[in-house]
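**Student:** Requesting a structural model of the entry that follows:
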Amino acid sequence: MRLPSKYVFTTTLITPISGFHKAKQALDEDNKFPDWRIHDLRRTVASEMQRIGILPHVIDRVLNHTDLKQLRAVYQRYDYLAEKEKALKDWGNELQSILGPVWKYKRG
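**Tutor:** The predicted structure follows:
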């Protein structure tokens with residue numbers, strides 16, 4: 001299924017979401033999640049994607065990590081689009097199984 005926007009996380013379909021600071025501040029005030037950083041979400045997603053069998057180099061591409069080896073970056077230009085799409089679908093399915101029907105995406 002194609003999303004109606006080039007952004008996965010958007011509220012306008014035109015721009016990516018923003019305002020993470022306000023959301024984090026609200027969660028911090030709730031005191032249910034002490035001492036965490038937004039970057040912890042990336043780390044958790046990466047670890048959980050690896051746990052469900054997604055290959056590390058695909059996870060790196062999903063997280064938009066760049067290859068530090070300059071020669072490889074020059075010659076290997078494949079974008080891993082199909083692999084990233086599958087990885088994100090697999091992660092979405094895993095999230096749905098963890099969170100249950102409350103989280104289920106409503107189509108149409």
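**Student:** Could you list the low-pLDDT ranges of this protein?
**Tutor:** 1-3, 67-68, 101-108 (pLDDT under 70).
**Student:** Kindly provide the distance from Glu29 to Met49.
**Tutor:** 30 Å (Cβ to Cβ, to the nearest Å). For the C-beta atoms, the positions are set from N, CA and C on the backbone; glycine is no exception.
**Student:** Which of these two has more residues huddled nearby?
**Tutor:** Met49 (21 against 8; other Cβ atoms under 10 Å).
**Student:** What lies in contact with the helix or strand hosting that one?
**Tutor:** For Met49, the element it lies in under DSSP states H and E is helix 39-51. The contact list for helix 39-51 (Cβ atoms under 8 Å, 6 or more residues apart in numbering) reads 56, 59, 62-63, 87, 90-91, 94.
**Student:** Pull that helix out as CSV, backbone CA atoms only.
**Tutor:** Provided in CSV are the C-alpha atoms of helix 39-51 (Å, rounded to 0.1, in the frame of the first residue of the first chain):
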residue,chain,number,x,y,z
HIS,A,39,17.4,9.1,20.2
ASP,A,40,16.5,6.2,22.4
LEU,A,41,13.6,5.5,20.0
ARG,A,42,16.0,5.1,17.1
ARG,A,43,18.2,2.8,19.2
THR,A,44,15.1,0.7,20.2
VAL,A,45,13.8,0.5,16.7
ALA,A,46,17.2,-0.6,15.4
SER,A,47,17.6,-3.2,18.1
GLU,A,48,14.1,-4.6,17.6
MET,A,49,14.5,-4.7,13.8
GLN,A,50,17.7,-6.7,14.2
ARG,A,51,15.8,-9.0,16.7
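**Student:** Good, wrapping up.
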